[in-house]
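> Okay, sequence plus prediction incoming.
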Amino acid sequence: MLTPVISSEELHQLPLFSKFNDKQLSKIQHNLRQINLREGEHLFEQGEAAERFFFVKSGQVKLYRVSLEGSERVIEVVQPGCTFAESVLFLEQCRYQLSAEALTEVELLAFDFATFRKLLDESRETCFQLMADMSRCLHQHLNEIDYLTLQNATFRLVHYLLQQIPAEHADDNAVEIKLNISKSIIASCLSIQPETFSRILRSLRKRELIEVNGKAITLLNVEQIRSFAA
């Protein structure tokens with residue numbers, strides 16, 4: 001008997017699968033696929049018919065849209081341990097709303113929509129529990145939209161830097177953080193032009209709030225930076 005690429009216990013830890021029982025999880029495991037992508041390889045394009053959603057085992061996946069003018073807007077960089085494209089499940093026309101590209105070498109698990117829908121059809125309770133979880137995710141995204149539209153560029157960048165402080169250094173007043181994605185992608189996620197992003201970093205450096213060394217940024221006075229953001 002083949003060993004599943006992900007155990008029932010691991011699946012159950014994911015919010016999307018936390019309400020399923022062992023029998024249901026076994027059916028999901030039976031129909032999942034493992035996908036490996038090279039850096040720069042596309043997983044799907046915006047508007048493409050959707051048959052699966054995905055879990056990132058390792059690597060990073062960029063989700064983005066391209067405007068009518070041809071400019072790219074990064075919506076999210078999906079990190080290991082997270083799922084994406086699951087919201088398409090409930091759309092009448094099941095098509096991906098974004099494009100997905102591997103930022104690094106990526107290992108994914110792909111879950112079949114048909115299997116997932118069948119399980120929801122069989123269990124009204126599981127369906128309502130899942131919808132509640134997805135509603136909480138929707139409210140979280142609405143808060144993120146408020147954050148992107150109501151706050152200025154400096155606040156958004158400073159807030160992002162503060163979010164990168166490792167939990168074990170939460171109480172430190174000086175801490176180094178390492179950006180694991182490019183500054184241009186971070187700028188796009190925060191709806192900031194690259195030149196504005198660089199200008200804000202220079203301003204923070206002049207105020208002696210940060211030091212920048214490539215992808216490493218040292219927050220010299222976390223308390224003062226928090227006050228600056230406020």
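That came in fine, so what should we check first? Not measured: the values here are computed from a predicted model. Residues are numbered from 1 along each chain as shown.

> Show me how the record splits this structure into domains.
Domain assignment for the chain, taken from automatic domain parsing, gives 8-150, 153-229.

> would you turn the ones you listed into a markdown table with mean neighbour count?
Bear in mind the C-beta positions are built from the backbone N, C-alpha and C, glycine included. Supplementary listing: those in a markdown table, determined by neighbours: other CB atoms under 10 Å:
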| stretch | mean neighbour count |
| --- | --- |
| domain 8-150 | 15 |
| domain 153-229 | 15 |
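
> Spatially nearest residue to the residue most central in space within the chain (excluding sequence neighbours)?
For the chain, the residue nearest the mean C-alpha position is Val78 (3.2 Å; CA atoms, centre = their mean). Counting by CB to CB, 6 or more residues apart in numbering, Val61 is the residue found nearest to Val78 once chain neighbours are left out, at 4.4 Å.

> okay but Ala100 is in contact with Lys62, surely?
Yes - judged on CB atoms under 8 Å, Ala100 makes contact with Lys62 at a distance of 7.1 Å.

> just to revisit the earlier point, for the residue nearest to the centre of the chain, which residues are in contact?
With contact set as CB atoms under 8 Å, 6 or more residues apart in numbering, Val78 has these partners: 56, 60-63, 84.

> switch the cut-off to 6 Å
Contacts here follow CB atoms under 6 Å, 6 or more residues apart in numbering; on that basis Val78 touches 56, 61, 84.

> Quick check: phi and psi at it.
Val78 adopts backbone torsions of phi -80, psi 130, taken as degrees, to the nearest 10.

> do you know how far it is from Phe116?
Distance of Val78 to Phe116, given as CB to CB, to the nearest Å: 19 Å.

> that older thread, would you list the domains of the chain in JSON lines and tack on mean pLDDT?
Below are these laid out as JSON lines (pLDDT from 0 to 100):
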{"stretch": "domain 8-150", "mean pLDDT": "85"}
{"stretch": "domain 153-229", "mean pLDDT": "90"}
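
> Would you map the helices across the chain?
Along the chain, the stretches classed as helices by DSSP state H are 8-13, 22-31, 113-122, 124-150, 153-163, 183-189, 194-206, 222-229.

> right, and those - which one's nearest Glu105?
Glu105 lies closest, by CB to CB, to one member of the helices of the chain: helix 183-189, at 16.7 Å.

> Distance from the chain centre to the closest one, please.
Relative to its chain's centre, helix 183-189 lies at 13 Å (CA atoms, centre = their mean, to the nearest Å).

> Summarise which helices and strands it is packed against.
Applying 3 or more CB pairs under 6 Å, 6 or more residues apart in numbering; DSSP states H and E, one finds that helix 183-189 contacts strand 72-78, helix 194-206.

> mind giving me JSON lines with these and columns for distance to Ser227?
Output for the helices and strands packed on helix 183-189, formatted as JSON lines (distance: least, CB to CB, whole Å):
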{"stretch": "strand 72-78", "distance to Ser227": "28"}
{"stretch": "helix 194-206", "distance to Ser227": "13"}
